[in-house]
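Chemist: I would like to see how this sequence folds:
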Amino acid sequence: MAEAAGKPRGNRRLKIALALSLAFNLCIIGVICGVMLRDGPPRGGGRDFGLGPLSEALSHEDRKALRKDFVARHPDIRDARRQMRAEFEAVVAALRADPFDPAALDGALAAIAARNQSLLDTGRELVAERLKAMTAEERAAFADRLEKRVGHKSKG
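Modeler: Down below sits the predicted model:
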């Protein structure tokens, strides 16, 4: 019957699968940011602020200062798990709704994306500010560490 209405059932399932995949990826980013801000980077390095090798190449002191600045800009970050749970509950509700409302799903996914984008933007801004404040020697040392990180990642 869905095909008779001009909307093949396979397209709907594909859209739902893609939306869930996007939502899951955004969830992972949110969880990583939350854990990093609460506990610091994992032993042996780790990625901060969703910027991969850029944040990995920062010194331990710089990463620690960035986490402090990040929390200062997002004092509500500790509520991220509750907020994330509510956003995913909205996704689940939209997926289970009968009749299905694509706009409700889009809205729920947009809320997740907006929150995560805000966190990523803050991380990018803080890293940029930190790099611009470095001396020429510090920037050169950072560039060396970054080059090693990028070279190491591309060989794996």
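
Chemist: which stretches of the protein have low pLDDT?
Modeler: 1-10, 17-18, 20-50, 152-156 (pLDDT under 70).

Chemist: could you pull out the helices for it?
Modeler: 9-39, 53-56, 60-73, 80-96, 102-133, 136-155 (DSSP state H).

Chemist: got the contact list for the closest residue in space to M134 that isn't next to it in sequence?
Modeler: In this structure, M134 finds its nearest non-sequential neighbour in F142, 6.5 Å apart by CB to CB, 6 or more residues apart in numbering. Bear in mind the C-beta positions are built from the backbone N, C-alpha and C, glycine included. Contact analysis of F142 by CB atoms under 8 Å, 6 or more residues apart in numbering lists A57, L58, L131, M134.

Chemist: make it 10 Å
Modeler: L54, A57, L58, S59, D62, R130, L131, M134 (CB atoms under 10 Å, 6 or more residues apart in numbering).

Chemist: show me the contacts for the last one.
Modeler: For M134, the residues meeting the contact criterion (CB under 10 Å, 6+ apart) are L58, D62, A140, A141, F142, A143.

Chemist: can you select the buried ones among those for me in ChimeraX?
Modeler: To isolate the buried ones among the contacts of M134 in ChimeraX, judged by 16 or more other CB atoms under 10 Å, type:
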select :58,62,142
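
Chemist: can you put the contacts of M134 in TSV and add distance to F88?
Modeler: What follows is the contacts of M134, written out as TSV (distance: CB to CB, whole Å):
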residue	distance to F88
L58	31
D62	33
A140	44
A141	41
F142	37
A143	39
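
Chemist: of the contacts of M134, closest to G107?
Modeler: Proximity of these to G107, judged by CB to CB, is greatest for L58, which lies at 36.1 Å.

Chemist: hang on, isn't that closest one packed against A65?
Modeler: Yes. Using CB atoms under 10 Å, L58 is in contact with A65, at 9.0 Å.
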